[in-house]
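J.: Fold the stuff below for me.
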Amino acid sequence: MNDIEPNTVAIGDLKVAERRKKIAAASRLSRARKKEELQHLKIENKRLKTEQTELQTKVEVLEKTIQENLGKATYEDLQENEKLRREIEAQKKMMNFFLKVMGGYPSEEVARHTLYTEGCDSAHSYLLCMLNQSQEEWNPAVFKTQLVDPTVLIHYKISDKFFGESESSGKRFNMRFDCTLPAPSGVVAECLRMMFSDAKTLRRIWMIKDEDNIELTRIEKDVPKGVEMLHQKKKTRNKEVVFISNKKKCFMPKSSLGIPVKSRPKNKDPDSVESGYGDVEAWSVTTTSGSLRAVTPHVTKEESRVSSIILQGAIIWEECNDSNMLTKVTFIHSSPQDWILFDYFPKFDNLITEDGNMTDEFATWTMKVYSSFQGVMMETMLKGVTMPNP
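T.: Below you'll find the predicted structure:
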């Protein structure tokens, strides 16, 4: 019984005490982070409730107008009513997502799968809301015609708010890119998915070079089927983001797919998509990141997190024009000023001048990215790659 030396017992006790101390510190840090996240979610939930109430009021006013003047109700009234209903549905999905997250970060794998899947649904809802906003509010970008493909339309908005809330980074850059591509919608959707979540394709399309010091790591653990996660780290700026991506089929009201109002011709074509009524089958491809720790638990350092949500996504659908089937794409990008397009353009002035002109540098870079995407798309078609089911 007396063979154990006192020094050995003392060292063992010190190790146990040190381990308990570390566990206690980690527990305190975890509780503090959870408290911070819950506070953020409560604010976000309050904002979403306010937006939903405002949208519901708009719908009620429209319904009352149509009931009182049924014989005089215009086609545009019916379209606006439908668009608002879709936006309310999107807001409800976002609210449900935030309410579930407020319960805390789930520890079970199944619960995390559910959370990530709902995160993708939330990104889709954000995309639909921004699509609607871009139609009414965004401005056409002015650029030198020799620098940009004439079939492309680019709109933008620099804002200090994101869905009604002040942007924490100060400003954010929103861009909409409309184009027509000579490929089936399923091929285009798959190439966009790869552009968001496949490191090799992402580097190629966005022209990321070794000297850019951007580290891309695919996350496999606890990721459910149909969801993809990619960790991006800009080592020179000490910024890191986890993007969560998804591709799915959806139905869109035709009126929501028209080009922004400020670019529409005065004499509306009766066959144009914004003049249509009913739904169009489309692909939705999204990728998003944000400050929600429950959605992005893989970011290692608090100070390296990007200040606000980054959203990229596209709606892809097919239209028949003169017996030719064409694929239409509306691409949306929205990011805070501390993560603008991989930090290639550190200031808003490098993108759009005060008088609304697209800088030559940004116009040239944008078309190079577009050309790179078309190259990937053509290679995908030549390979005869079978598109996976949504």
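J.: Spatially central residue in this protein, please.
T.: residue 311 (2.5 Å; CA atoms, centre = their mean).
J.: For it, name its beta-bridge partners.
T.: Judged by DSSP bridges, the bridge partners of residue 311 are residue 288, residue 334.
J.: need the contact list for it.
T.: 123, 126, 127, 130, 286, 287, 288, 332, 333, 334, 335 (CB atoms under 8 Å, 6 or more residues apart in numbering). For the C-beta atoms, the positions are set from N, CA and C on the backbone; glycine is no exception.
J.: Quick check: which helices or strands does the helix or strand encompassing residue 233 pack against?
T.: Using DSSP states H and E, residue 233 falls within strand 227-234. The contact analysis (3 or more CB pairs under 8 Å, 6 or more residues apart in numbering; DSSP states H and E) places strand 227-234 against helix 109-137, helix 185-197, strand 214-219, strand 239-253.
J.: So which residues make contact with that strand?
T.: For strand 227-234, contacts defined as CB under 8 Å, 6+ apart pick out 113, 116-117, 119-120, 193, 196-197, 199, 202, 213-219, 223, 239-246, 287, 298, 304, 339, 342-343.
J.: Tell me the secondary structure of residue 366, please.
T.: What DSSP: H, G, I helix; E, B strand; the rest coil gives for residue 366 is helix.
J.: Read off the pLDDT value for it.
T.: Looking at residue 366, its pLDDT reads 91.
J.: Let me know the secondary structure of residue 283.
T.: Going by three-state DSSP: residue 283 is strand.
J.: count of neighbours near it?
T.: Counted with other CB atoms under 10 Å, residues neighbouring residue 283 total 25.
J.: For it, give me its contacts.
T.: Counting by CB under 8 Å, 6+ apart, residue 283 has contacts 185-186, 188-189, 247-250, 314-317, 390.
J.: again, 7 Å this time
T.: 185, 189, 247, 249, 316 (CB atoms under 7 Å, 6 or more residues apart in numbering).
J.: ok, so of these, who is nearest residue 328?
T.: residue 316 (7.2 Å; CB to CB).
J.: Could you pull up the residues touching the closest one?
T.: By CB under 7 Å, 6+ apart, residue 316 lies in contact with 185, 188, 189, 282, 283, 327, 329.
J.: Check the gap between residue 263 and residue 140 for me.
T.: 5 Å (CB to CB, to the nearest Å).
J.: Let me fix that, I meant to ask about residue 40.
T.: 35 Å.
J.: And residue 191, by the same measure?
T.: 26 Å.
J.: repeat for residue 185
T.: Residue 185 is 25 Å from residue 140, where distance means CB to CB.
J.: Same check on residue 118?
T.: From residue 118 to residue 140 the distance is 35 Å (CB to CB).
J.: Same question for residue 384.
T.: 38 Å.
J.: More neighbours: which of these two?
T.: Between residue 384 and residue 140, counted using other CB under 10 Å, the more crowded position is residue 140 (16 against 6).
J.: can you give me the helices in this structure?
T.: Along the chain, the stretches classed as helices by DSSP state H are 6-68, 75-101, 109-137, 185-197, 199-205, 360-383.
J.: Check the offset of the longest one from the chain's centre.
T.: Remark: helix 6-68 is offset 21 Å from the chain centroid, using CA atoms, centre = their mean, to the nearest Å.
J.: got it, and the fourth one?
T.: Here helix 185-197 is found 14 Å from its chain centre; the criterion is CA atoms, centre = their mean.
J.: Could you figure out how far it is turned away from helix 360-383?
T.: On the basis of axes from the mean of the first three to the mean of the last three CA atoms, to 10 degrees, helix 185-197 is oriented at 120 degrees to helix 360-383.
J.: on that earlier part again, pick out the most distant pair among the contacts of residue 283.
T.: Spatial extent of the contacts of residue 283 (CB to CB) is set by the pair 185 and 247 at 11.4 Å.
J.: So for those two, which sits in the more crowded spot?
T.: Between residue 185 and residue 247, counted using other CB under 10 Å, the more crowded position is residue 247 (26 against 23).
J.: The more buried one against residue 186, yeah?
T.: No: assessed by CB atoms under 7 Å, residue 247 is found out of contact with residue 186, at 9.8 Å.
J.: What subset of the contacts of strand 227-234 is buried?
T.: For the contacts of strand 227-234, a neighbour count by 16 or more other CB atoms under 10 Å gives the buried set as 113, 116-117, 119-120, 193, 196-197, 199, 202, 214, 216, 219, 239-246, 287, 339, 342.
J.: how close does residue 136 get to residue 260?
T.: When distance is defined by CB to CB, residue 136 is 8 Å away from residue 260.
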